[in-house]
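Participant: Curious how this folds, go ahead:
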Amino acid sequence: MAVITISRQFGAGGRTLGERLGKTLGYRFVHEDMIKEVARLMKASDKQVRDFEKRGSTKLLKFLDKIVNPDFITRLVADSYVIIDEKSYVDSVTSIIKRLYSEGNMVIIGRGSQFILKGYEDAYHILLVSDLEHRTRFLTDKYQLNENQALNAIKRADEIRSGFLSFFCPDTSFHDNPVTYHLAINTQRVSLEKAEEMIVKLISHD
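Facilitator: I've put the predicted structure just below:
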């Protein structure tokens, strides 16, 4: 009944690895569906939640979103307008992630889950990092972006990620600090296949 959280630098392969782990372990993979869960709890639209998470996002990131997520158009329809503030958002995400933890057998991507479930039994926290060159190449290969688009997306995504994680951990020195995690993996040096194998062994033999 383990829960795996994956925090990742944009372009380090976190979503791909999470999907692989979900299939291998038979766990629920939780990423984009968190948007819908938060929206439902807050009685807001999916778009409002996404806009809050990516406040100030550029047209480039919206373009990238369309490529990454084929359900983009369905999230543009809002039934109502609700003002989303930081406290209500954090409370909603925390409630949902703790419920997911209680259900077990989950792979959760981001959303501050490594801080929400810090110290929880059978919750394993993974950090994926890589250098800029490798992250750029990953995005150009996987999503057919040109190099300039990928570099701009990485820069903006890193800014958004830092601001977002500060909702759950104001001390930014802990965001990518290995002591926060059970396992930190450099995907430039470790393949996603090997990373998957390492994580499966970690939760099986800890």
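
Participant: Tally up the residues packed near residue 43, please.
Facilitator: For residue 43, the neighbour count with other Cβ atoms under 10 Å is 9. C-beta: built from backbone N, CA, C; applies to glycine.

Participant: With residue 88 as the reference, measure out to it.
Facilitator: 10 Å (Cβ to Cβ, to the nearest Å).

Participant: do residue 24 as well
Facilitator: 36 Å.

Participant: More neighbours: those two, which one.
Facilitator: The neighbour comparison of residue 24 against residue 88 (other Cβ under 10 Å) goes to residue 88, with 16 against 13.

Participant: which residue ranges form the strands in the chain?
Facilitator: In the chain, the segments counted as strands under DSSP state E are 3-8, 28-30, 106-109, 123-129, 183-186.

Participant: Residue 29 contacts residue 19, correct?
Facilitator: Yes: using Cβ atoms under 8 Å, residue 29 makes contact with residue 19 at a distance of 5.6 Å.

Participant: Could you list the low-confidence segments of the chain?
Facilitator: 55-84, 205-206 (pLDDT under 70).

Participant: and if we set it to 50?
Facilitator: Counting by pLDDT under 50, the chain contains low-confidence ranges at 56-61, 63-64, 66-68, 70, 72-81.

Participant: could you pull out the helices for the protein?
Facilitator: Secondary structure of the chain (DSSP state H): helices at 14-25, 33-42, 46-53, 59-68, 86-103, 113-116, 132-143, 147-165, 192-205.

Participant: Which among those is found nearest to residue 182?
Facilitator: Nearest to residue 182 among the helices of the chain is helix 192-205; the distance by Cβ to Cβ comes to 6.5 Å.

Participant: Just give the nearest non-adjacent residue to the residue most central in space within the chain, would you?
Facilitator: Central residue of the chain (Cα atoms, centre = their mean): residue 110, 2.8 Å from the mean position. Distances taken as Cβ to Cβ, 6 or more residues apart in numbering place residue 7 nearest to residue 110, at 6.1 Å, with adjacent residues excluded.
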